Each structure stands twice: as C-alpha cells, then as structure tokens.
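Peer 1: Mind folding the following:
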Amino acid sequence: MTIIFLLIAISLLVALTFLGAFLWAVRSGQYEDTYTPAVRMLFDEEITQEK
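Peer 2: Now for the predicted structure:
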C-alpha cells in the first residue's frame, strides 16, 4: 500500500514540474508569435552558393 502512495507522490511531483515549466514558458513569451509558424513555408529562402 505504501508503494501506491509513493507512486502518487512522485507522479504529482513530475506533473507539477511540467506545469511549472509550461507556465515559465508562457510568461517568458515562448508562445507569443502564433502567426509566423503557420506561414513560414510560404516565405522565400535565400539560397547562397559558395565557390
């Protein structure tokens, strides 16, 4: 029975860690630009040739 409580505690710790990482990413602006990734394939890339 104690192993169940241990596994629940570990899973909650992991879940809270991922939640904290997600909130940190949102607050630091990682998800600010939602338009550019959708149209990135339409942009022309400059091809440079080295001689």
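Peer 1: what's near enough to touch Y31?
Peer 2: Residues in contact with Y31 (C-beta atoms under 8 Å, 6 or more residues apart in numbering) are A25. In this view, the C-beta of every residue, glycine as well, is placed from N, C-alpha and C.
Peer 1: if we go to 6 Å?
Peer 2: Not one residue lies near Y31 by C-beta atoms under 6 Å, 6 or more residues apart in numbering.
Peer 1: Quick check on it: phi, psi?
Peer 2: Per-residue torsions, Y31: phi -110, psi 30 (degrees, to the nearest 10).
Peer 1: need the next SSE after the longest helix anywhere in the chain, C-terminal direction.
Peer 2: Across the chain, the helix with the greatest residue count (assigned by DSSP state H) is helix 2-27. Proceeding N to C from helix 2-27, the next assigned helix or strand is helix 36-39, under DSSP states H and E.
Peer 1: Show me what that next one is packed up against.
Peer 2: Packed against helix 36-39 by the contact rule (3 or more C-beta pairs under 6 Å, 6 or more residues apart in numbering; DSSP states H and E) you find no helix or strand.
Peer 1: Can you dump the C-alpha atoms of it in PDB for me?
Peer 2: Extracted C-alpha coordinates of helix 36-39, given in PDB (Å, rounded to 0.1, in the frame of the first residue of the first chain):
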ATOM      1  CA  THR A  36       4.600  33.200 -38.300                       C
ATOM      2  CA  PRO A  37       4.900  29.400 -37.900                       C
ATOM      3  CA  ALA A  38       1.700  29.000 -40.000                       C
ATOM      4  CA  VAL A  39       3.100  30.900 -43.000                       C
END
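Peer 1: Give the buried residues for it.
Peer 2: Within helix 36-39, no residue is scored as buried using 16 or more other C-beta atoms under 10 Å.
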